[in-house]
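In: one predicted model, sequence on top.
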Amino acid sequence: MMNKNYLILLIFVLILTLAGCNIMNPGEPQRPQSDAGSDSLNDTGQALLIPVLLEDTDPEVGRAEFTLRVQSGTTQIIGEQPTPSLGYNGSYLGPAIKLTRGDEVRMHVTNELGETTSVHWHGLEVEGTADGGPHQVIAAGESWNPTFTVNQPAASLWFHPHVIGTTAIQVYYGLAGLLLIEDENSKTLGLPDDYGINDIPLVLQDRSFNQDGSFFYATNMMDGAFGDYILVNGDIAPYLEVSQVKMRFRVVNGANARNFYLELADRSAFYQIASDGGLLEEPVLTQALFISPGERAEIIVDFSKYKEGDVVELISDNALVMTFRIGGASEDNTVVPERLAEIERLDERLAIGTKTIELDGMGHMVTLNGRKFDMHRIDDNVTLGDIEIWEITTTGAMMMGSPGHPFHIHGTQFQILSRDGQEPASNEQGWKDTVFVRANETVRIIVRFNYAGIFMYHCHILEHEEAGMMGQLEVVNPFVN
């Protein structure tokens, strides 16, 4: 039987059709306008900015201490006028925090904004009280000082706000940073690992601007906020000078709603070596990378095949993302090993049950399992250490933009078992915390809950999250009152 939201969708499409309206598809990245090099895929002449590594102020081995300040300011992004923006320890985006597995970490976060915020460690496995979700908000002028121990494999994680009602706009204005974990295995593989030299983060976003240079954030988008310009580390179509060596790129989709379909314009192949939660078991040779909001991937591009003076374009659906300007030859002792990591496979036979997650609707009509988020309601309870199978389904159609929903679970990593009964692709067989579920598709995952507390699970199209496509899960330790 046709559900109410889908009926409303059909009526709305019919009205637009009769009115002669064209429905654009912002889920496919638009080409930047002329100053972004749309005609010739030329970069803008802006060198890629590399987020700085945040200083660890604890000199003890096995311990780490960091200070973050949530700030407002202005940033030169487009045209002559600066853009009012938000950032961590700066005016836009934030630093990279590097941790090692086993570290005992102390974070000091001070909110210098005139509004409430929070800092969610996306992909980090920690107790609920340290997760940084909507239960750990930081009032204006206040501080938050979580502590935790890093107990998960090497991975490229990130952090961003997670406040009810303002997550989407705070992220849009610039609040996002990197959280990089290393472990003994990752340090011995011979991968490119010289941060800022051959190990480069790429935070992908899309933004629109008003004539005065300020961000144009449309709050009435049916399927999230889509921008006219693609940004990499805060700049439009930048370039990176590279030698004829292997380069590692830690790709973060930090967009509110846009999917990216990354490829080199000459269709050269590259390796994917990691997904959200860490290294894959083996490198995957590919010519393209799909990455939805909240997801991360690590790739290695070998530039040794090019000659000095060549320019290689990174594109997404024919829109320029950035360029690589090839320099001279250089010694390269890095490798792409045949075996990257040993991944513990969660046993389906140990799962205590199967749960269904249904993502439905569009715009402000979205629901999760037929309900909208309620901060005062716990939607699910789990016992600490339990393993469960979740079947996540996107029902109905979406009006504009993304052809599905990126689904994220806080405080844990999971493994994909199948997509509509089929084995997942090789690059999806590692640890994940965010999975894209296409329209009318069922994705089956297996997850173990290693930390107690209250955690969110939700669509990572941020406007959908804020419209209510989110639930709360409480993981209970039976040995603690």
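Out: The structure has been received and is ready for your questions. Just so it is clear, the structure is predicted and the values come from calculations on it, not from any experiment.

In: ok, and what's touching the longest strand seen in the chain?
Out: The single longest strand within the chain, with elements called by DSSP state E, is strand 63-75. Residues outside strand 63-75 that contact it (Cβ atoms under 8 Å, 6 or more residues apart in numbering) are 54-58, 82-92, 94, 97, 99-100, 103-114, 117, 119, 138, 174-175, 177, 234. All C-beta atoms are positioned from the backbone trio N, CA, C, and that covers glycine.

In: helices of the stretch 351-481 of the chain, start to end?
Out: Secondary structure of the stretch 351-481 of the chain (DSSP state H, counting those that start in this stretch): helices at 462-467.

In: domain parsing for this structure?
Out: 63-183, 199-326, 348-476 (automatic domain parsing).

In: and those domains: which comes nearest E342?
Out: Proximity to E342 (Cβ to Cβ) singles out domain 199-326 among those, at 7.0 Å.

In: mind checking the end-to-end distance for the closest one?
Out: Using Cα to Cα, to the nearest Å, one end of domain 199-326 lies 16 Å from the other.

In: what mean pLDDT does it have?
Out: The average of the pLDDT scores along domain 199-326 is 96.

In: low pLDDT regions in the stretch 301-450 of the chain?
Out: The model of the stretch 301-450 of the chain has pLDDT under 70 over residues 396-402.

In: for it, what spans make up the strands?
Out: 311-316, 319-326, 354-360, 367-368, 380-383, 387-395, 404-409, 414-419, 434-438, 442-448 (DSSP state E, counting those that start in this stretch).

In: let me have those in TSV, adding distance to I273 and mean neighbour count as columns.
Out: As requested, these are exported to TSV (distance: least, Cβ to Cβ, whole Å; neighbours: other Cβ atoms under 10 Å):
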stretch	distance to I273	mean neighbour count
strand 311-316	17	20
strand 319-326	18	22
strand 354-360	29	17
strand 367-368	33	22
strand 380-383	31	15
strand 387-395	26	19
strand 404-409	21	25
strand 414-419	17	19
strand 434-438	18	22
strand 442-448	22	20
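
In: which among the ones you listed is found nearest to G123?
Out: strand 434-438 (8.0 Å).

In: who's in contact with the closest one?
Out: In contact with strand 434-438 (Cβ under 8 Å, 6+ apart) are residues 259, 276, 290, 292-295, 359, 392-394, 403-408, 414, 416, 428, 443, 445, 460.

In: name every strand pairing with it and say which way it goes.
Out: strand 404-409 (antiparallel) (DSSP bridges).

In: now the angle between strand 354-360 and the partner strand, please.
Out: Per axes from the mean of the first three to the mean of the last three Cα atoms, to 10 degrees, the angle that strand 404-409 makes with strand 354-360 is 140 degrees.

In: and strand 404-409 with strand 387-395, angle?
Out: Angle, strand 404-409 to strand 387-395, by the same axes, to 10 degrees: 160 degrees.

In: how far out from the middle of the chain is strand 404-409?
Out: Taking Cα atoms, centre = their mean, to the nearest Å, one finds strand 404-409 lying 11 Å from the centre of the chain it belongs to.

In: not counting sequence-adjacent ones, nearest residue to the residue nearest the centre of the chain?
Out: The centroid of the chain falls nearest to G294 when counting by Cα atoms, centre = their mean (2.3 Å). Nearest residue to G294 in three dimensions, chain neighbours excluded: H460, at 3.6 Å (Cβ to Cβ, 6 or more residues apart in numbering).

In: thinking again about what came up before, ok, which of the domains of the chain comes nearest T334?
Out: Nearest to T334 among these is domain 199-326 (5.1 Å), distances taken as Cβ to Cβ.

In: gap between stretch 263-270 and the chain center?
Out: Relative to its chain's centre, stretch 263-270 lies at 22 Å (Cα atoms, centre = their mean).

In: in JSON lines, list the domains of the chain along with distance to V336.
Out: Shown next, in JSON lines, are these (distance: least, Cβ to Cβ, whole Å):
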{"stretch": "domain 63-183", "distance to V336": "15"}
{"stretch": "domain 199-326", "distance to V336": "5"}
{"stretch": "domain 348-476", "distance to V336": "14"}
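
In: and these: which comes nearest I50?
Out: Checking the domains of the chain against I50 by Cβ to Cβ gives domain 199-326 as the closest, at 6.6 Å.

In: ok, back up a step: out of the domains of the chain, the one nearest L340 is which?
Out: domain 199-326 (4.3 Å).
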